[in-house]
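> Dropping a prediction and its sequence here:
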Amino acid sequence: MAHTPLRIVSYNVRYFGHALRGLASTLGPKRRVAAALAGLEPLPDIICLQEVETQSFRSSVAHRRSRPGETQLEAFMGRMEETFANLRRPMPYEAFYFRAHHYKVGEFSLYTTGLAIIVNTQRLSVDTHNVDAPHHITHHHVRMLRERKQSRICAHMRLLRKEDGLPLHVFNTHLSLPTPFSRAFWATRDKMGNGINQLHEARALCTLVRHRAAGEPFIICGDFNSPPASPVFHYFCDEARLTSAQAAVGQIDPRLARGFPTAGFMHMRMHLDHIFSGEGVRWLDADETRPFGDTRSRFHGLSDHMPLIARFQLEPPAAHVAPPSPASSEPSAPPGA
């Protein structure tokens, strides 16, 4: 008997502060994002969020905490509970926060960065995670600036499907912007996904994933700051031999960098967000994934990114064999790096 497919959402929520251009987090966006997620049918089983704060001036200046010490993720989950209560439905989610960076001036917390993974515990159980020590993948192209550069991490969970105990590894990340401290940055018109630092982070990420997944099915999602057809995207699909969920279901042409924007800034439109998978994951659809600016989406106007929403089927172990590691995991550097 076929198992019910699983559904995953990957979403850069911009600190729930898009209403104020990212300057501060407010209650309204948390409530609207919660309502949009709860309105999906079927409900997501895994929700991976990027750009989530811990506690800082930015996360609290426009939103008074309901209790001392409340984090931004806890405040958002409060809105999720509120939303499900209003719908008279049981709240199925448990949230996990992965802290990346903390910017302070003395003892004053200016702002923080991090990732979150939210799990539907009605369908999945959490086996292991790295909340206490997320894996760092930051590549410091200029060593003297490493303390000022945002730390890039990879959040990891090993989940078990409750129907049959089949494992699934979920990796959530947010790669750096391309470094301007390289001749290659200035040698090409298309910057995103062409940074040598981004390629190094992609290599570090894939090495980590292969090691932690150890041949079991896995998904990698997040904001990669890299469009299709870029060197970073080619590294994931061609050298690391991962599958793009959107490409697998025919939603995008991986040869086109601008065919399906997932993010926007002023008049710019960019495809920066992706979901990749290894063996043992079969993608079924990406229904309700809409390009940035599509007013039909329930997520329109809630962030400067749009969520990727996809359904997949986990294949039983006999149906897949993990491919051997590439002969070389070193990504090719752009000319002049």
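Sure thing, it's come through. Residues are numbered from 1 along each chain as shown.
> Excluding chain neighbours, give the residue nearest to Pro29 in space.
Nearest non-adjacent residue to Pro29, counting by CB to CB, 6 or more residues apart in numbering: Phe16, 4.5 Å away. No exception for glycine: its C-beta is placed from N, CA and C like everyone else's.
> wait, doesn't the one you found sit right on Arg32?
No - contact criterion CB atoms under 8 Å: Phe16 and Arg32 do not qualify, at 9.2 Å.
> Surely Pro291 and Gly264 touch.
No - with contact defined as CB under 8 Å, Pro291 does not count as touching Gly264 (9.4 Å).
> how close does the spatially closest residue to Arg152 that is not a sequence neighbour sit to Asn197?
Spatial nearest neighbour of Arg152, chain neighbours left out: Thr138 (4.4 Å); criterion: CB to CB, 6+ apart. To Asn197, Thr138 is 8 Å away according to CB to CB, to the nearest Å.
> which neighbours do those two share?
Common neighbours of Thr138 and Asn197, counting by CB atoms under 8 Å, 6 or more residues apart in numbering, are Ser176.
> out of those two, which sits in the more crowded spot?
Between Thr138 and Asn197, counted using other CB atoms under 10 Å, the more crowded position is Asn197 (23 against 18).
> ok, that one to Ile275 distance?
22 Å.
> Quick one: low-confidence residue ranges for the stretch 101-250 of the chain.
101-111, 140-150, 180-189 (pLDDT under 70).
> all helices for it, in order.
Secondary structure of the stretch 101-250 of the chain by DSSP state H, counting those that start in this stretch: the helices cover 183-187, 196-213, 231-234, 245-248.
> Wait, Leu73 touches Arg99, no?
No - assessed by CB under 8 Å, Leu73 is found out of contact with Arg99, at 10.2 Å.
> between those two, which one's more packed in?
Between Leu73 and Arg99, counted using other CB under 10 Å, Leu73 has the larger neighbour count: 23 against 19.
> did I read that right, that one in a helix?
Yes - remark: Leu73 belongs to a helix, assigned using DSSP: H, G, I helix; E, B strand; the rest coil.
> mind checking how far it is from Ile47?
Distance, Leu73 to Ile47, using CB to CB: 11 Å.
> Many thanks, we can stop here.
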